[in-house]
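**Student:** build me a structure from this.
(4 chains)
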Number of protein chains: 2
Amino acid sequence: MDLTTGETRRDRQRAATVAEIKAAARKLLVEGGVSAVGLRAVARELGLSAPALYRYFGSHEDLISTLVADLYDELTDFLIALRDGDPAAELGDKLFLVAGGLRDWALGHPAEFGLLFGAPVPNPDADDHDLTPGHQAAMRFGAVFKDLVAEVYRQRPFPHPSDEQLGPELIAQLCQKSDFFDGMPPGAVYLSLTYWTRLYGLICMEVFGQLHWALTDAGAYFQAQLFEIGEALGLDCPLPGQ
Amino acid sequence: MDLTTGETRRDRQRAATVAEIKAAARKLLVEGGVSAVGLRAVARELGLSAPALYRYFGSHEDLISTLVADLYDELTDFLIALRDGDPAAELGDKLFLVAGGLRDWALGHPAEFGLLFGAPVPNPDADDHDLTPGHQAAMRFGAVFKDLVAEVYRQRPFPHPSDEQLGPELIAQLCQKSDFFDGMPPGAVYLSLTYWTRLYGLICMEVFGQLHWALTDAGAYFQAQLFEIGEALGLDCPLPGQ
DNA sequence: TCGCTGAAGTGAACACCGTTAACAGTTAAC
DNA sequence: GTTAACTGTTAACGGTGTTCACTTCAGCGA
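**Tutor:** Next up, the predicted model:
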């Protein structure tokens, strides 16, 4: 049965068990935060003993890492679906759509967002060119925004700071990333970076409750900030007051 | 001896021990991150049994919380000293000075910064009007920036978005905080919030290594961003290119 | 100065954690 | 059909935060 693929019955069961483990880990993550997803708790969730999980994951950190990678992929797919949902939409609108989508996902999945973007252990290891699946997934996620901004610039180059305004040191660093940004000039790379920096900081602060002291509902503030950023990218924006 | 205060010899020794515990906790925090500051490790550091610490702190979480409060106070004092260091300095320059000071402190004390500003457990408790020492210390910290911006505005009101630009919903929320911001109009409160949001996000991203993929040394980028923010606050800024 | 009180510190113990080792049963492969 | 690999078990080790019963001793009032 199913001789087309080389996978045996055991392989299928194994894949199913791995999926079950991931699902249980995620359930615990959602219910109790990162600290709640422990090896014994996951095992308990599917009626296994803790050491059994070592047949599927090398360690507890391994489990968390693949969970991180999966969540990045899920978030990326969600954003891509949002971007490609209406092929006729303006590129600028897509930038707003995806930014709002990231915020919505973060607010709807605070525990997952906290695992992905919460303080990731200040690791002072110098040569940390992580090629871990998690890192790769994170790059794929970041590329959604990078590609979008680059495409916006290609379609209608937005005005950007001059080299003199930014200073030689910063320009040198930005030039190094120019090819990564489809050959955009350093000033445009700077604005792209600003877009990402502000968006990221904004969402982190809201999700992590760092804005509660000032705003009861940060939605309107988020829209206004997005409007500002879009303006900097030369986009004609939707009215901030809804 | 020392009858002026009501403190007995035992009280003094107790206070000394508490200070010793805090110092050991901080040392472990700096050396090994948050996870390294455990009850047994702290006790070991000063030749004590782990249960002995319960004479001084109600729990492990208690220890961490007071450590957080202490660090907030230390950071706040550092920023205040920076602000009041040159009484003849321009208010705008102080804003840059304090912002840069926060970044310097964060880069110089990554472990402490991570403990203070790292993802603080998405706590969905509704009425979480925390009056814990840590929360109060955090407010005192935030007040440094708030007061500075408010003073800048009082001295030379900066142009700010109009009510129509921000929309009624956001304006309503900002008006609620108007008295907290020394009676500043909502548009000015909005700009103050922007200043804080961008600064915070920027520093967090740099310290937590979220900028490594784009910039080898985020210092120049930080200066450029600070320049932008200062421009929005109507300040004549130092040249970004040093 | 004596005696009491309460604080400080101890070791043993509990329940939990991640992890390893030795072992048993089932399944796939030759 | 035999063998090897895979999947699961229990027992155990060292680690954690925490509680409890117990000792010791400094400091205070009488």
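**Student:** A:Ala52 touches A:Ala43, doesn't it?
**Tutor:** Yes: the pair A:Ala52 / A:Ala43 is scored as a contact, 6.3 Å apart, by C-beta atoms under 8 Å. Quick note: C-beta positions are derived from backbone N, CA and C, even for glycine.
**Student:** please say which of these two ends up with more neighbours.
**Tutor:** More crowded of A:Ala52 and A:Ala43, by other C-beta atoms under 10 Å in any protein chain shown: A:Ala43, with 17 against 14.
**Student:** name the nearest residue to the residue nearest to the spatial centre of chain A, ignoring sequence neighbours.
**Tutor:** For chain A, A:Phe141 is the residue whose C-alpha lies nearest the centre (C-alpha atoms, centre = their mean; 4.8 Å). Distance criterion C-beta to C-beta, 6 or more residues apart in numbering or on different chains; nearest residue to A:Phe141, sequence neighbours excluded, is A:Thr76 at 4.6 Å.
**Student:** where does chain A dip in pLDDT?
**Tutor:** A:1-6, A:120-129, A:237-242 (pLDDT under 70).
**Student:** and it, which of its residues are near DNA strand D?
**Tutor:** A:Arg10, A:Gln13, A:Arg14, A:Thr17, A:Ala43, A:Gly47, A:Leu48, A:Ser49, A:Pro51, A:Ala52, A:Arg55, A:Tyr56 (C-beta under 7 Å from any atom of the strand).
**Student:** now A:Glu61: how far from B:Val189?
**Tutor:** To B:Val189, A:Glu61 is 44 Å away according to C-beta to C-beta, to the nearest Å.
**Student:** so those two - more neighbours on which side?
**Tutor:** Counted by other C-beta under 10 Å, A:Glu61 and B:Val189 do not tie: B:Val189 has more neighbours, with 29 against 9.
**Student:** pretty sure the more buried one sits against B:Ala172.
**Tutor:** No: between B:Val189 and B:Ala172 there is no contact, the gap being 11.8 Å when judged by C-beta under 8 Å.
**Student:** any idea how far chain B is from the closest residue to A:Val144 other than its chain neighbours?
**Tutor:** In space, A:Val144 comes closest to A:Leu79 once its chain neighbours are excluded; the distance is 5.0 Å by C-beta to C-beta, 6+ apart. As defined by C-beta to the nearest C-beta, to the nearest Å, A:Leu79 lies at a distance of 18 Å from chain B.
**Student:** how far does the helix or strand A:Leu79 falls within sit from the chain's center?
**Tutor:** Using DSSP states H and E, A:Leu79 sits within helix A:60-84. From the chain centre to the centre of helix A:60-84 is a distance of 8 Å (C-alpha atoms, centre = their mean, to the nearest Å).
**Student:** for stretch A:184-200, same thing?
**Tutor:** For stretch A:184-200, the distance from its own C-alpha centre to the chain's C-alpha centre is 16 Å (C-alpha atoms, centre = their mean).
**Student:** could you dump that stretch to PDB, C-alpha only?
**Tutor:** Extracted in PDB, the C-alpha atoms of stretch A:184-200 (Å, rounded to 0.1, in the frame of the first residue of the first chain):
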ATOM      1  CA  MET A 184      18.700  50.200  -3.600                       C
ATOM      2  CA  PRO A 185      20.800  53.300  -2.700                       C
ATOM      3  CA  PRO A 186      22.000  53.600   0.900                       C
ATOM      4  CA  GLY A 187      19.500  56.300   1.700                       C
ATOM      5  CA  ALA A 188      16.600  54.100   0.600                       C
ATOM      6  CA  VAL A 189      18.000  51.200   2.500                       C
ATOM      7  CA  TYR A 190      18.100  53.500   5.500                       C
ATOM      8  CA  LEU A 191      14.400  54.300   5.100                       C
ATOM      9  CA  SER A 192      13.600  50.600   4.700                       C
ATOM     10  CA  LEU A 193      15.400  49.900   7.900                       C
ATOM     11  CA  THR A 194      13.500  52.600   9.600                       C
ATOM     12  CA  TYR A 195      10.300  51.200   8.400                       C
ATOM     13  CA  TRP A 196      11.200  47.800   9.900                       C
ATOM     14  CA  THR A 197      12.700  49.200  13.100                       C
ATOM     15  CA  ARG A 198       9.700  51.300  13.900                       C
ATOM     16  CA  LEU A 199       7.200  48.700  13.000                       C
ATOM     17  CA  TYR A 200       9.000  46.100  15.100                       C
END
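**Student:** that stretch near chain B at all?
**Tutor:** Yes: residues of stretch A:184-200 are located near chain B by C-beta under 8 Å from any C-beta of the partner chain, namely A:Tyr190, A:Leu193, A:Thr194, A:Thr197, A:Arg198, A:Tyr200.
**Student:** show me where chain A has its helices.
**Tutor:** Counting by DSSP state H, chain A has helices at residues A:9-32, A:39-45, A:60-84, A:91-108, A:110-117, A:133-155, A:163-166, A:168-176, A:186-207, A:219-232.
**Student:** flag every buried residue along stretch A:141-154.
**Tutor:** A:Phe141, A:Gly142, A:Val144, A:Phe145, A:Lys146, A:Leu148, A:Val149, A:Ala150, A:Val152, A:Tyr153 (16 or more other C-beta atoms under 10 Å in any protein chain shown).
**Student:** can you redo those as CSV with distance to A:Asp84?
**Tutor:** Below are the buried residues of stretch A:141-154 laid out as CSV (distance: C-beta to C-beta, whole Å):
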residue, distance to A:Asp84
A:Phe141, 16
A:Gly142, 18
A:Val144, 11
A:Phe145, 14
A:Lys146, 16
A:Leu148, 11
A:Val149, 16
A:Ala150, 16
A:Val152, 15
A:Tyr153, 19
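**Student:** list the contacts of the residue in chain A that chain B sits nearest to.
**Tutor:** Here chain A gets closest to chain B at one residue, A:Gly201, 1.5 Å apart by C-beta to the nearest C-beta. Contacts of A:Gly201 were listed using C-beta atoms under 8 Å, 6 or more residues apart in numbering or on different chains, and they are B:Thr197, B:Arg198, B:Tyr200, B:Gly201, B:Leu202, B:Cys204, B:Met205.
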